[in-house]
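Novice: Everything below, folded, please.
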Amino acid sequence: MPEVSKKITGQIEIPENVFEEIKNSVKNISDLKEKIESYLAKDVTKILEIIFGGAISLEASDVHIEPISDAAKIRIRIDGALQDVLLLDKNIYENILSRIKLLSEIKLNVSDRPQDGRFSIFWDEIQIEIRTSVLPAEYGESIVLRILNPKSLLDMETLGLRKDLLATFKGEIEKPNGMIIVTGPTGSGKTTTLYTFLKKIQKPEIKIITIEDPIEYHLEGISQTQVAQEKGYDFANGLKSIMRQDPDVILVGEIRDLETVDIALQAALTGHLVLTTLHTNDAAGTIARLLSLGAKLSNIGPAINMVIAERLSRRVCEKCVEFWPISGEELKKFQIGLFGLSEILELPEIGSQTKIPHAKGCRDCNFTGYRGRVGIFEAFLIDDEMEKFILTSPSIAALKERAIERGMVTMYQDGLVKVLEGVTTLDEIERITGE
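Specialist: You can find the predicted model right below:
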């Protein structure tokens, strides 16, 4: 694979020999640090090849390059947590900044305001999109590079769903109309889940169109459009245009305003399957959030088929995980948290002899005790009875209580089940759910 000239903007093609070298030698943060240090005497293109190649090899989601008083710090985010890699000389940082700006096709001579761009990396015959954000900071410009690796897109069977949820999700995405909303904070896996749904239902007989900000992953056979605020093409305008394209399935990257929510609800009510995301803390908060945007209560219940809330939990490292006998305090948490669930789920017996995983840490997991992530979910369906209940404008607490009465397993409970299955730790579930 030929090395690309530095004059080409918009892409980096990592040579095959460099790819093989990185893949074979970079297994943890320490390896990446050593590899970067060995290339510091090379040109900026080589240094960036190692930084990005190492980050991709370690399955990082972001690279941060942050100037401090007399240097610049490189950190990468793995499994949701930032980890320090090394400090760069300020001159090397300046050269890297210029190169990244050139690649991202953003202005080189602007340093007093934020700028956004993107470029591609060709790695192992795969095109990986890099989303660039440059922000003025105290000692220079802070660079954050989001790595959008199509290899991170999963199949539904590998999302981490319980068998009952997997069956429910498969049934709901096959429906010809209605809305499915995935909720959660930034970085909770919402977009990945929606793309997973699209991959599952994609077939020649149906037309799928997306409107996103920005397009995160390119899916073959799907029409994808991107919001361009500077041209007046926002979610609402884009959705209006999409409706004239005779779609069967529409993905709306995020619902942010009244006009978008109204058009999306009408689309769901008029024979389209609409997939979208919303920022709420849990599934029950979705209805209140839609009302706060100005949606009509009479449209919400009939339009929505299913609401899902999601978080990403770190998996325990399989190389160093330790299983300890459950303590009395931990046992009490499981007994209270899972009370009554045995009637709707198959749960392992829990007692004083139960052993649960604890994170230890080794070189393979960068001494964190965790390697990889898995989703934890809660979801409820809106059937005729739930639709009538929503028309009473219930509080979030009342809606959550009703959903639980009708069989919803909360994210915390789903997490507890995954602890019993040896997937993650109780500390991790409590950290991400706040329970």
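Novice: What count of nearby residues applies to Asn28?
Specialist: 17 (other CB atoms under 10 Å). Glycine gets a C-beta too; all of them are placed from N, C-alpha and C.
Novice: what about the strands in the stretch 51-200 of the chain?
Specialist: For the stretch 51-200 of the chain, the strands identified by DSSP state E, counting those that start in this stretch occupy 62-67, 71-78, 81-89, 115-123, 126-137, 140-148, 178-183, in order along the chain.
Novice: quick check: mean pLDDT across the first one?
Specialist: In this model, strand 62-67 has an average pLDDT of 98.
Novice: Quick one: list the elements packing against it.
Specialist: The contact analysis (3 or more CB pairs under 8 Å, 6 or more residues apart in numbering; DSSP states H and E) places strand 62-67 against helix 44-57, strand 71-78, strand 81-89, helix 90-104, strand 140-148.
Novice: related to what we said a few turns ago, so which of the strands of the stretch 51-200 of the chain gets nearest Lys355?
Specialist: Lys355 lies closest, by CB to CB, to one member of these: strand 81-89, at 25.5 Å.
Novice: That closest one: partners in the sheet, and parallel or antiparallel?
Specialist: The partner list of strand 81-89 in its sheet, established with DSSP bridges, is strand 71-78 (antiparallel).
Novice: roughly how far is the partner strand from the heart of the chain?
Specialist: Strand 71-78 sits 20 Å away from the centroid of its parent chain (CA atoms, centre = their mean, to the nearest Å).
Novice: C-alpha coordinates for it, PDB please?
Specialist: C-alpha atoms of strand 71-78 as PDB (Å, rounded to 0.1, in the frame of the first residue of the first chain):
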ATOM      1  CA  ALA A  71       4.400  21.100  26.300                       C
ATOM      2  CA  ALA A  72       1.300  19.300  25.100                       C
ATOM      3  CA  LYS A  73      -0.400  16.300  26.600                       C
ATOM      4  CA  ILE A  74      -1.700  13.400  24.600                       C
ATOM      5  CA  ARG A  75      -4.600  11.400  26.100                       C
ATOM      6  CA  ILE A  76      -6.900   8.800  24.600                       C
ATOM      7  CA  ARG A  77     -10.300   7.700  25.700                       C
ATOM      8  CA  ILE A  78     -10.700   3.900  26.100                       C
END
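Novice: Show me which residues of it are buried.
Specialist: When burial is assessed from 16 or more other CB atoms under 10 Å, strand 71-78 yields the following buried residues: 72-78.
Novice: Pull the residues that contact it.
Specialist: Surrounding strand 71-78, the residues in contact under the criterion CB atoms under 8 Å, 6 or more residues apart in numbering are 29, 32, 36, 51, 55, 58-67, 82-90, 92-93, 96, 140, 366, 368.
Novice: Stretch 12-29 too?
Specialist: When contacts are taken as CB under 8 Å, 6+ apart, the neighbours of stretch 12-29 outside the stretch itself are 1-4, 31-32, 35, 45, 48-50, 52-54, 57-58, 76, 83-85, 103, 119-124, 363-366.
Novice: same question, stretch 341-350
Specialist: For stretch 341-350, the surrounding residues in contact (CB under 8 Å, 6+ apart) are 162, 164, 326, 331, 334-335, 338, 354, 407, 409, 413, 417, 420-421.
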